[in-house]
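Enquirer: Here's my sequence, what's the structure:
(one chain, ligands or ions: 1)
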Amino acid sequence: MNDSRIRDVVIVGGGTAGWMAAAALSATMGEQLRIRLIESDEIGIVGVGEATIPAIRLFNGLVGIDEDQFLRATQGTFKLGIEFQNWGRIGESYMHGFGQIGQSLDLIEFWQYWLRGRREGVASELGRYSFNQAAAREGRFARVSRIPNTQLDGLSYAFHFDASLYARFLRSISEQRGVQRVEGQIVDVNLHPETGFVRSVTLASGEEHQGELFIDCSGFRGLLIEQALQTGYEDWSHWLPCDRAIAVPTANVGQPRPYTQSIAHPAGWQWRIPLQHRTGNGHVFSSAWMGDDEATRILLDTVEGEPLADPRTISFQTGMRKQAWNRNVVSLGLSSGFIEPLESTSIHLVQNGIARLISHFPDRGFAQANVDAYNRRIAYEFERIRDFIVLHYSANQRDEPFWKVMRDVELPPVLRDKIDLFKATGRIFREQDELFTEVGWLQVLIGQNVLPDTYHPLADVLSREELAGFLRDIETIVSATALRLPTHADFVAQQCAAEVAHAA
Ligand SMILES: Cc1cc2nc3c(=O)[nH]c(=O)nc-3n(C[C@H](O)[C@H](O)[C@H](O)COP(=O)(O)OP(=O)(O)OC[C@H]3O[C@@H](n4cnc5c(N)ncnc54)[C@H](O)[C@@H]3O)c2cc1C
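Expert: Okay, the predicted model is just below:
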């Protein structure tokens, strides 16, 4: 047995990141590790972060979470995609639905046939070929893995949930598996005088907690990774200048939609996240272009239901920690970096960081090559998500000064190449380890009016009539199947209705 194995893990912070790390480590390495989580009720958690992407189902599987039980505990709903309003031009809208669109044929993707069909006037809007979008439009949902008697995929889904209830839910799972929760405020981080590694943290009570591996989930402040180790932050605000959010919960109006809404405004955008007991809303904006009062007014003028609490402001800086892992500290969640929640990617980045940490799990030697490899992968994944978000801002045709400036921003080179390739050939290639699929990129590109000059020559193998028939069949199957599903509200009521109505 390797006696330099790590046995003592200290997680600093009990928000979504901290409790996700505790739940995943206790589920996978709980036999080998003593895991303590320190959090301060007085400081609290950021309490936003309520929309996810389908990969979260892998996390649930890893931790052994029962999906219906989790939704009941967190007032959760299902999410089929994100509707973007006013992002290309004011008055336009499109959806980024999860899952496939149409069906590839021979060697090429469905959208090559669609691009040809569009030119020849025999294609409907792209979204009409997406089962996810059809179900979302109709407000319907069920767990369907495949459309029967076809080659077409079923619904790909994620969740909306109450962030505070989620942390609470994961806490109870983690504590049952032996994670020890320590309540208290950390006032000192003690470094080893020779190595500069974190040796222990001291609480306001004077209690000291030693550890071998520290996981910094302390939120934006980055208590260990930045305040103690001064790792540095790579600032991306020249690409993504939004730096504030005003958040307010409201009462539900009507049935909860099975999708998130993102509505562009003069200097940012607004989210609407439907839960069982309320709707989460927020206005993300750039303080260089808009003041808090105006941003709050826009938000309150456009929410659908009665506000349930006073609006609150959250400031942030887009970017990432120069090293997500430094010495014996691995940062996860907001302490590792932040990209605005336009495509609901932060919780995914937490999940991804945990999965990578497990695969790169160190021993007490903390081999630098291992740390470097982890950091490279994390940085790559952050950067590709950043590029995808930058695309939403840059591909706009709006007239306000903020949007004109965003249109002219010099793009990160990988993104510029991707857009150029698509415009010239209609092709999209997913980079290795990149989160978003080709179809994800496609929906945003088309939705924001970036159209290629051509399509793949193999799409010409069908006659015009065959092409029209191929497209028509998919559209018909997808929409007819969606109409046979239960409504989202009925599905939630029957499968996973929360037992207790929580207040906002
Ligand atoms: C406006 C906004 C909207 C967002 N929307 C989404 C979304 O829709 N989807 C998504 O995936 N993500 C979203 N996110 C991101 C998401 O909220 C975070 O990724 C997630 O909540 C993780 O936060 P955290 O756990 O890192 O930090 P926090 O929730 O801030 O938790 C920090 C923890 O550290 C503890 N702590 C701090 N200092 C000390 C100390 N000195 N002593 C002891 N304990 C301490 C606190 O008590 C707390 O428990 C959003 C973020 C923002 C800002």
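Enquirer: okay, and for the stretch 401-504 of the chain, where does confidence drop off?
Expert: For the stretch 401-504 of the chain, applying pLDDT under 70 flags the ranges 500-504.
Enquirer: Could you list the contact residues of it toward the ligand?
Expert: Residues of the stretch 401-504 of the chain that fall close to the ligand, judged by CB under 6 Å from any ligand atom: none. Any C-beta I mention is one placed from the backbone N, CA and C, and that applies to glycine too.
Enquirer: By proximity to the ligand, which residue of the stretch 401-504 of the chain wins?
Expert: L435 (11.9 Å; CB to the nearest ligand atom).
Enquirer: Would you list the phi and psi of the spatially most central residue of the chain?
Expert: By CA atoms, centre = their mean, the mean C-alpha position of the chain lies nearest to T345, the distance being 2.0 Å. Here is the backbone geometry of T345 (degrees, to the nearest 10): phi -110, psi -10.
Enquirer: likewise P362?
Expert: According to degrees, to the nearest 10, P362 has phi -90, psi 170.
Enquirer: Does the closest residue to it other than its chain neighbours belong to a helix, a strand or coil?
Expert: Spatial nearest neighbour of P362, excluding adjacent residues (CB to CB, 6 or more residues apart in numbering): N370 at 5.9 Å. Under DSSP: H, G, I helix; E, B strand; the rest coil, the three-state class of N370 is helix.
Enquirer: Check D301 too.
Expert: Under three-state DSSP, D301 comes out as helix.
Enquirer: buried stuff in stretch 178-196?
Expert: Using 16 or more other CB atoms under 10 Å as the test for burial, stretch 178-196 gives 179, 181-182, 184, 186, 189.
Enquirer: Closest one to S463 out of these, please.
Expert: Distances from S463 to these, taken as CB to CB, are shortest for V179 (62.7 Å).
Enquirer: could you dump the buried residues of stretch 178-196 to TSV with pLDDT and secondary structure?
Expert: TSV is the format used below for the buried residues of stretch 178-196 (pLDDT from 0 to 100; DSSP: H, G, I helix; E, B strand; the rest coil):
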residue	pLDDT	secondary structure
V179	98	coil
R181	98	strand
V182	98	strand
G184	97	coil
I186	98	strand
V189	98	strand
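Enquirer: now for those residues, which pair is the farthest apart?
Expert: Every pair of those checked by CB to CB; the farthest is V179 and V189, at 21.0 Å.
Enquirer: Now do the end-to-end distance for stretch 150-158.
Expert: 23 Å (CA to CA, to the nearest Å).
Enquirer: quick one: average pLDDT of it?
Expert: Average pLDDT, stretch 150-158: 97.
Enquirer: List of residues touching that stretch?
Expert: Under the contact criterion CB atoms under 8 Å, 6 or more residues apart in numbering, stretch 150-158 has outside partners 51-57, 78-80, 98-100, 102-103, 131-132, 135, 141-147, 258, 344, 474, 477-478.
Enquirer: just stretch 407-427 next, same as before
Expert: Counting by CB under 8 Å, 6+ apart, 111-112, 115, 238-239, 383-384, 386-387, 390-391, 393-397, 428-429, 431, 441, 445, 450-456 sit against stretch 407-427.
Enquirer: Make a PyMOL selection of whichever of those turn out to be buried.
Expert: In PyMOL, this line selects whichever of the contacts of stretch 407-427 come out buried by 16+ other CB under 10 Å:
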select buried, resi 111+112+115+239+383+384+386+387+390+391+393+394+395+396+428+441+445+450+452+455+456
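Enquirer: Which of the contacts of stretch 407-427 fall in helices?
Expert: 111-112, 115, 383-384, 386-387, 390-391, 393-394, 441, 445 (DSSP state H).
Enquirer: ok, of these, which one's closest to the ligand?
Expert: If you rank those by distance to the ligand using CB to the nearest ligand atom, R386 comes first, at 14.5 Å.
Enquirer: Do I have it right that the closest one meets W239?
Expert: Yes - using CB atoms under 8 Å, R386 is in contact with W239, at 6.8 Å.
Enquirer: Could you check which residue of the stretch 151-300 of the chain lies nearest the ligand?
Expert: Closest approach between the stretch 151-300 of the chain and the ligand, counting by CB to the nearest ligand atom: G219, at 2.7 Å.
Enquirer: Torsion angles phi and psi at the residue nearest to that residue when sequence neighbours are not counted?
Expert: Computed as CB to CB, 6+ apart, the closest residue to G219 that is not its neighbour in sequence is L334, at 4.7 Å. When read as degrees, to the nearest 10, the backbone of L334 gives phi -60, psi -30.
Enquirer: Which parts of the stretch 201-350 of the chain are strands?
Expert: In the stretch 201-350 of the chain, the segments counted as strands under DSSP state E, counting those that start in this stretch are 208-210, 213-216, 233-235, 244-250, 260-265, 268-274, 279-285, 312-315, 319-321, 325-326, 329-331, 337-338.
Enquirer: Next to the ligand, which bits of the protein? Give me the list.
Expert: So far as CB under 6 Å from any ligand atom goes, the chain lies against the ligand at 13-18, 38-40, 43-46, 48-52, 163, 185-186, 217-219, 221, 223, 245, 247, 282, 314, 316, 333-335, 341, 344, 346-347, 350.
Enquirer: number of nearby residues for the residue in the stretch 301-450 of the chain that the ligand sits nearest to?
Expert: In the stretch 301-450 of the chain, the residue that lies nearest the ligand is G333 (2.4 Å; CB to the nearest ligand atom). Residues within reach of G333, counting by other CB atoms under 10 Å, total 30.
Enquirer: can you pull the contacts of it?
Expert: G333 sits in contact with 13, 15-18, 217, 219, 346, 349-350, 353, where contact means CB under 8 Å, 6+ apart.
Enquirer: F366 too?
Expert: So F366 contacts 197, 327-328 (CB under 8 Å, 6+ apart).
Enquirer: Looking at neighbours, which among those residues is most surrounded?
Expert: N328 leads the contacts of F366 on contacts (other CB under 10 Å) with 24 neighbours.
Enquirer: Now the terminal residues of stretch 211-222, how far apart.
Expert: Using CA to CA, the distance between the terminal residues of stretch 211-222 is 17 Å.
Enquirer: tell me how far it is from the chain's mean position?
Expert: 21 Å (CA atoms, centre = their mean, to the nearest Å).
Enquirer: follow-up on the earlier one: which neighbours do R386 and W239 share?
Expert: In contact with both R386 and W239: 318, 412, using CB under 8 Å, 6+ apart.
Enquirer: If anything else comes up later, I'll come back, but that's it for now.
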